[in-house]
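>>> my questions concern the predicted model and sequence given below.
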Amino acid sequence: MTENVAIRRLWPRPDADPLDDAALVELYPRAAEPWLRMNFVASIDGAVELDGHSAGLSGGPDGPDKRVFGLLRMLCDALVVGAGTLRDEGYRALRLDERRRAWRRERGLPEYPRLVVVSRSLNLDPGSVVFADAPVRPVVLTHAQATPPPGLTAVADLLRCGTDRVDLAAGLAALRDRGHTQLLCEGGPHLFGSLTAAGLVDELCLTVAPLLTGAGAGRITAGPTTRPRAMRLRHVLVAGDTLLLRYTRA
């Protein structure tokens, strides 16, 4: 776990000294109840991507967004991601370094969280590294009428919830029945919008990148209009010109 990025608490109780990883873990705790945490990065004018990828907003592999990104993966039981984001962002197998695996072992957790891919069409490549190199067999959350491509069931478990579309509420309940009570979702925007519409989002961790990207890119959420939902600000962290915000349901 790297600690070379100077992240400080701006609010509440400002910290003059940089936060180490142990302090950051306390600021992003595992919940005492079943919980769905969203994690996104956006520009200050609301863009979800730069040149088609979120990585352009993250400030590089050693930036504060990637540091928190890695810690949140360490803390979760399962990482939920939409199939489109999996393809567009070039996801690799969900692996952790030895220090993060040791942290999980010391707390009685499996060494690796499980990857959960949400897909309506099952347009997935069973030969991709995200499946072939996975240390833990991934789960694909889909619906009853979806037809898997040849070889998918050899590398992933199919979890069918819903008749002709993915029933996200039933899917998350089924994951929790499997012991995955702490869920982290990295998007994309349409999955975020659907989870919001279903009233399933408990927390949003949002990195605000110090960039004006201009018109063109979408927001971190997409899909049908839903009623507003109040959220409570838990902390504001700062690293240079980057803000890291954490909100939970009010």
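On my side now, so go ahead.

>>> quick check: most distant residue from the centroid of the protein.
Relative to the C-alpha centroid of the chain, counting by CA atoms, centre = their mean, Ala16 is the outermost residue, at 28.9 Å.

>>> so for the residue nearest to that residue when sequence neighbours are not counted, what pLDDT did the model give?
Nearest residue to Ala16, sequence neighbours excluded (CB to CB, 6 or more residues apart in numbering): Arg8, at 7.2 Å. Placement of C-beta: from N, CA and C, glycine included. On pLDDT, Arg8 comes in at 97.

>>> list the residues that contact Arg8.
With contacts defined as CB atoms under 8 Å, 6 or more residues apart in numbering, the neighbours of Arg8 are 14-19, 237-239.

>>> change it to 6 Å
15, 18, 238 (CB atoms under 6 Å, 6 or more residues apart in numbering).

>>> could you measure the second one against Gly59, distance?
In this view, Pro18 and Gly59 are 16 Å apart by CB to CB, to the nearest Å.

>>> of the two, who's got more company?
Comparing Pro18 with Gly59 by neighbour count (other CB atoms under 10 Å), the higher total belongs to Gly59, at 22 against 14.

>>> before we move on, what SS does that one have?
Classification of Gly59 using DSSP: H, G, I helix; E, B strand; the rest coil returns coil.

>>> sec struct for the residue lying closest to it once chain neighbours are set aside, please.
Of all residues not flanking Gly59 in the chain, Asp65 sits nearest, at 5.8 Å (CB to CB, 6+ apart). Using three-state DSSP, the secondary structure recorded for Asp65 is helix.

>>> show me the contacts for Asp65.
Taking CB under 6 Å, 6+ apart, we find Asp65 in contact with 41, 58-59, 207.

>>> same thing but at 7 Å, please
Asp65 makes contacts with 41, 58-59, 207, 242, as judged by CB atoms under 7 Å, 6 or more residues apart in numbering.
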